[in-house]
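In: Attaching a predicted model along with its sequence, questions to come.
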Amino acid sequence: MRADIVIGMQWGDEGKGKVVDYLASMYSSVVRYNGGPNAGHTVIADGQSFTFHHIPSGALMRKKLFIAPGMLINPEIFREEIESLKKVVPEFSLKIDIRTSLITPAEVELDKKIEELKGAASIGTTLRGIGPAYSSKALRISPRVSDVLSGKFDASIYKKLYNIEFNFTEWMEEAKETLSNYAFDVREELLRSIENGESILFESAQGTLLDPIYGTYPYVTSSNTTASYAFVSSGIPFKYAGKIIGVLKAYTTRVGKGPMPTEMSENLANFIRESGKEYGATTGRPRRIGWLDLPALRYAKEINGVDELFITKLDVLSGLKELKVALSYSINGKEVERFPPPEDLELVQPVYQSLEPIPKLESGDFSHIVKNGWVSAPFQMKKYIDFIEKNLKTRVSYVSLGAEREMTVKVD
Ligand code: GDP
Ligand code: IMO
Ligand code: MG
């Protein structure tokens with residue numbers, strides 16, 4: 001069996017949590033493979049709502065859950081997440097890889113310090129210690145799950161370098177208590193399950209444009225957000241790569257600083273922010289809002305090798321008086337279709353095409369479409385989706401018309 005991968009094609013918060021929950025029924029296991037508690041993936045199903053930070057979004061579907069070692073875990077946040085999940089799903093199967101690096105209070109503190117030192121040039125991180133913790137890993141000085149289990153970790157360099165006061169021994173003991181029941185050799189288990197014909201779904205955090213190499217550097221996160229990293233992170237050979245499912249919102253959002261060519265005027269952004277509930281799932285920050293950005297999506301399609309598209313939040317565009325899509329960019333009067341390097345991105349002007357606005361629909365209308373199939377959707381909606389499909393030369397498999405699991409419609 002092969003492993004399919006769900007990735008975000010924009011700046012994160014595309015609805016990956018909803019998509020993974022929806023698709024999970026087709027797989028045995030769901031594996032998170034990048035980032036850490038900077039992620040917030042919300043799933044709404046069976047009258048319950050849960051926001052995942054570390055744990056894969058297949059939990060409500062009672063799937064086997066795995067955390068691959070290319071992720072980071074903050075043991076305190078992980079413990080809280082486990083306790084909250086137990087209230088919703090009393091029993092679940094979760095395994096974290098013993099090689100996974102941990103975020104300590106020193107790195108959370110350092111994230112804050114670096115942002116303060118940067119002042120006006122700050123990134124607008126989630127302040128979860130992600131950049132410093134991936135740096136500590138690269139410096140080979142931070143503890144992994146296996147280190148807290150063995151208790152044989154020499155913290156002296158760490159303490160001297162970061163010079164931040166906290167009781168390391170106590171922290172290690174608490175981390176051990178939190179993590180020991182979940183610690184396994186995930187790589188080995190995943191490989192055996194693939195060899196035994198089981199199907200795996202990889203769940204990415206963040207989005208392609210936040211990738212530290214291919215995103216809008218320096219306004220990016222610190223672990224790779226693209227499909228290929230699923231294999232680096234989990235240790236599964238890439239010959240097992242299956243389908244790449246690209247998730248995109250019907251418009252664009254971004255939280256934190258950095259270029260965003262199609263950002264809208266605040267009046268319209270405000271309307272979409274309220275109707276689409278566009279506030280960060282991890283930090284509560286208002287998300288910036290823009291029109292759909294096709295040059296950015298074409299780039300994300302290429303980087304990941306996207307096979308099919310899952311478009312979310314189309315319901316939010318219903319009732320807007322105008323509907324626009326950026327087809328290309330203009331840089332110093334010259335039209336370009338490709339996504340430029342970050343330094344040029346500040347200079348681009350989007351070239352828009354207007355499409356027929358989607359009429360105002362009520363929740364009953366969306367339920368009607370879900371019940372009667374995509375064929376029953378208003379023609380303006382179908383035109384919008386066809387337009388994206390043609391421009392990205394990629395099949396749209398599903399459209400999401402609401403936050404709840406059942407508000408999803410297959411596109412024939
Ligand atoms: P993720 O980080 O990619 O998993 O996305 P988030 O969970 O951070 O943000 C997506 C938000 O939109 C969540 O609050 C979801 O419950 C919600 N959502 C997902 N799909 C839809 C949809 O089709 N329509 C609406 N209105 N909300 C959606
Ligand atoms: P999910 O998985 C949206 C953004 C932050 C900031 C930049 C760096 O829910 O889509 P970091 O804390 O990672 O060092 O912050 O990346 N960012 C996200 N934006 N969704 C996310 O995750 C994000 N994770 C990080 O806002 O701009
Ligand atoms: Mg999110």
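Out: All right, it came through fine. Ligands and ions are numbered 1, 2, ... in the order given.
In: Now do the same contact list for Leu72.
Out: Residues near Leu72 by Cβ atoms under 8 Å, 6 or more residues apart in numbering: Gly35, Gly36, Pro37, Thr100, Ser101, Leu102, Ile103, Ile130, Ala133, Tyr134, Lys137, Ser223. Yep, even glycine has a C-beta here, placed from its N, CA and C like the rest.
In: The fourth one: neighbour count?
Out: Here the number of neighbours of Thr100 (other Cβ atoms under 10 Å) works out to 23.
In: sorry, back to before: out of the contacts of Leu72, who's nearest ligand 3?
Out: Gly35 (10.1 Å; Cβ to the ion).
In: Now do the same for Lys18: helix, strand or coil?
Out: Recorded secondary structure, Lys18: helix (DSSP: H, G, I helix; E, B strand; the rest coil).
In: count of residues packed around the residue nearest to Met61 when sequence neighbours are not counted?
Out: Take Met61 and drop its neighbours on the chain: the residue closest to it by Cβ to Cβ, 6 or more residues apart in numbering is Ala24, 4.0 Å away. As a burial measure, Ala24 scores 25 neighbours (other Cβ under 10 Å).
In: returning to that earlier point: pick out the most distant pair among the contacts of Leu72.
Out: Pro37 and Lys137 (15.4 Å; Cβ to Cβ).
In: These two: which is more packed in?
Out: Using other Cβ under 10 Å, the more surrounded residue of Pro37 and Lys137 is Pro37, with 25 against 20.
In: Give me the contact list for the strand or helix carrying Ala326.
Out: Here Ala326 sits within strand 323-331, counting by DSSP states H and E. With contact meaning Cβ under 8 Å, 6+ apart, strand 323-331 is reached by 261-262, 291-295, 317, 335-337, 340, 344, 347-358, 380, 384, 387-388, 391.
In: Within the sheet, what are the partner strands of that strand, with directions?
Out: strand 292-293 (parallel), strand 334-336 (antiparallel), strand 349-355 (antiparallel) (DSSP bridges).
In: Now do the shortest one: distance to the chain's middle.
Out: Relative to the chain's own centre, strand 292-293 is displaced by 18 Å; criterion: Cα atoms, centre = their mean, to the nearest Å.
In: next one: stretch 238-247
Out: The mean C-alpha position of stretch 238-247 is separated from the chain mean by 16 Å, Cα atoms, centre = their mean.
In: Going by neighbour count, which residues of that stretch are buried?
Out: Residues of stretch 238-247 classed as buried by neighbour count (16 or more other Cβ atoms under 10 Å): Tyr240, Ala241, Gly242, Lys243, Ile244, Ile245, Gly246, Val247.
In: contacting residues around that stretch?
Out: The contact list for stretch 238-247, computed with Cβ under 8 Å, 6+ apart, reads 1-9, 14-16, 19, 23, 194, 227-228, 230-231, 300-301, 304-310, 312, 394, 397.
In: can you do 6 Å?
Out: Contacts made with stretch 238-247 from outside it, assessed by Cβ atoms under 6 Å, 6 or more residues apart in numbering, are listed as 2-6, 8-9, 14-16, 19, 194, 227, 231, 304-310.
In: restrict those to contacts with ligand 1.
Out: Residues of those in contact with ligand 1 (Cβ under 6 Å from any ligand atom): Gly8, Glu14, Gly15, Lys16.
In: Which members of these are the farthest-apart pair?
Out: The widest separation within these (Cβ to Cβ) is 8.6 Å, between Gly8 and Gly15.
In: and the two? which has more neighbours close in?
Out: Gly8 (28 against 22).
In: wait, Val220 sits on Ile213?
Out: No: contact criterion Cβ atoms under 6 Å: Val220 and Ile213 do not qualify, at 8.5 Å.
In: So for those two, which sits in the more crowded spot?
Out: Neighbours per residue (other Cβ under 10 Å) separate Val220 from Ile213, with Val220 holding more: 24 against 10.
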